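**Student:** kindly generate the corresponding structure for this input.
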Amino acid sequence: MKPNINNFDCNSHFNTLRNNKLFNHASNESINALLNQCRLETFEKGECIINKKKTLYKFYYMINGKIKVFNLNQETDKHYTLFLLLKDDVFDVFSLISKHQHNVCYEVLEDTELLVFSCETIREWLLKNPIILNELFKYTIQKLQVLEYHLLDLGTNGLLVRLANLLLENYNINTQQIENINNLTHKELAELIGTTRAVFNRHIQALKKEGIIRIERKNIYVIDVKLLIEKSSKSNFID
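**Tutor:** Here you go, the predicted structure:
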């Protein structure tokens, strides 16, 4: 972690918050007041310095980067990735609202910049700007819906279907590119669908062999979207 406090200019990130729908109904003055009470921190890829104890007291706003949120089984050392935090995401809303520790872990997957606030600062700010709570609840519900979708996918679909769903979920039809999960290792991708790297590799190579995708370095490109959609609609419980 590399704190950047001395040279931090809060005004440089005013538009970052202003353009986020979470802050749609906040006045310019209240946003500036909030920014005056934060600091900038940068984290390098591979760091796990953001832990559940810190999120009990700190609230983070992602300027850029990518962070994995996961649950870890201490006995087996296995973990399941719940979701990815990306640009303009915030965390941890659970600890902010409940004032209890959230039993999840964090790992930085790409170099990341964060605005860091104390939870007390955010709570006091929300008391003065209660209209923002509605947007915060909407944001939380969206995250819960994503998690619900992934748990349903994990519990009812075979691995090939889950892999197809993962690619389609992150496929931008306008740019025809896989976004958000590109540049991740096969191990990280495997953990997004609840499997191992070896099993994931076998299935990703099968899609490649069928001409549905191509792989260049860590980037996956969809060649045949129609066939990929067909794969996602098949019931296949054979891993």
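
**Student:** measure residue 56 to residue 99 for me?
**Tutor:** Separation of residue 56 from residue 99 (Cβ to Cβ, to the nearest Å) stands at 8 Å. Yep, even glycine has a C-beta here, placed from its N, CA and C like the rest.

**Student:** please apply the same query to residue 140.
**Tutor:** According to Cβ to Cβ, residue 140 stands 15 Å off from residue 99.

**Student:** of these two, who's got more company?
**Tutor:** Between residue 140 and residue 99, counted using other Cβ atoms under 10 Å, the more crowded position is residue 140 (15 against 12).

**Student:** element containing that one?
**Tutor:** helix 131-156 (DSSP states H and E).

**Student:** distance between the helix or strand that comes right after that helix and the chain's centre?
**Tutor:** Once the chain leaves helix 131-156, the next helix or strand it forms, by DSSP H and E, is helix 159-169. Put simply, helix 159-169 sits 17 Å off its chain's centre (Cα atoms, centre = their mean, to the nearest Å).

**Student:** can I get helix 159-169 in CSV, CA atoms only?
**Tutor:** Output in CSV follows, covering the C-alpha atoms of helix 159-169 (Å, rounded to 0.1, in the frame of the first residue of the first chain):
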residue,chain,number,x,y,z
LEU,A,159,-19.5,-26.1,-15.1
LEU,A,160,-19.7,-25.6,-18.9
VAL,A,161,-23.0,-23.6,-18.5
ARG,A,162,-21.4,-21.6,-15.7
LEU,A,163,-18.4,-20.8,-17.8
ALA,A,164,-20.6,-19.7,-20.7
ASN,A,165,-22.7,-17.6,-18.4
LEU,A,166,-19.5,-15.9,-17.0
LEU,A,167,-18.3,-15.0,-20.5
LEU,A,168,-21.7,-13.7,-21.6
GLU,A,169,-22.2,-11.7,-18.3
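
**Student:** from the contact counts, what lies against the longest strand belonging to the chain?
**Tutor:** Longest strand in the chain, counting residues (DSSP state E): strand 58-73. When contacts are defined as 3 or more Cβ pairs under 8 Å, 6 or more residues apart in numbering; DSSP states H and E, strand 58-73 sits against helix 14-18, strand 39-43, strand 78-85, strand 90-91, strand 105-118, helix 119-128, helix 186-192.

**Student:** who does the longest one pair up with?
**Tutor:** Each strand paired with strand 105-118, and its direction, by DSSP bridges: strand 39-43 (antiparallel), strand 58-73 (antiparallel).

**Student:** tell me the average confidence for it?
**Tutor:** Average pLDDT, strand 105-118: 93.

**Student:** now it and strand 78-85, what's the angle there?
**Tutor:** Interaxial angle of strand 105-118 relative to strand 78-85 (axes from the mean of the first three to the mean of the last three Cα atoms, to 10 degrees): 40 degrees.

**Student:** enumerate the positions of strand 105-118 that are buried.
**Tutor:** 105-110, 112-117 (16 or more other Cβ atoms under 10 Å).

**Student:** just send those residues back as TSV, with distance to residue 202 too.
**Tutor:** What follows is those, written out as TSV (distance: Cβ to Cβ, whole Å):
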residue	distance to residue 202
105	27
106	29
107	25
108	28
109	23
110	27
112	31
113	37
114	37
115	41
116	41
117	44
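
**Student:** closest to residue 152 out of the residues you listed?
**Tutor:** Nearest to residue 152, judged by Cβ to Cβ, of the buried residues of strand 105-118 is residue 105 at 22.9 Å.

**Student:** does the closest one touch residue 48 like I think?
**Tutor:** Yes. Counting by Cβ atoms under 8 Å, residue 48 is a contact partner of residue 105 at 6.9 Å.

**Student:** and the pLDDT at the closest residue in space to residue 196 that isn't next to it in sequence?
**Tutor:** In space, residue 196 comes closest to residue 190 once its chain neighbours are excluded; the distance is 5.8 Å by Cβ to Cβ, 6 or more residues apart in numbering. At residue 190, the model reports a pLDDT of 94.
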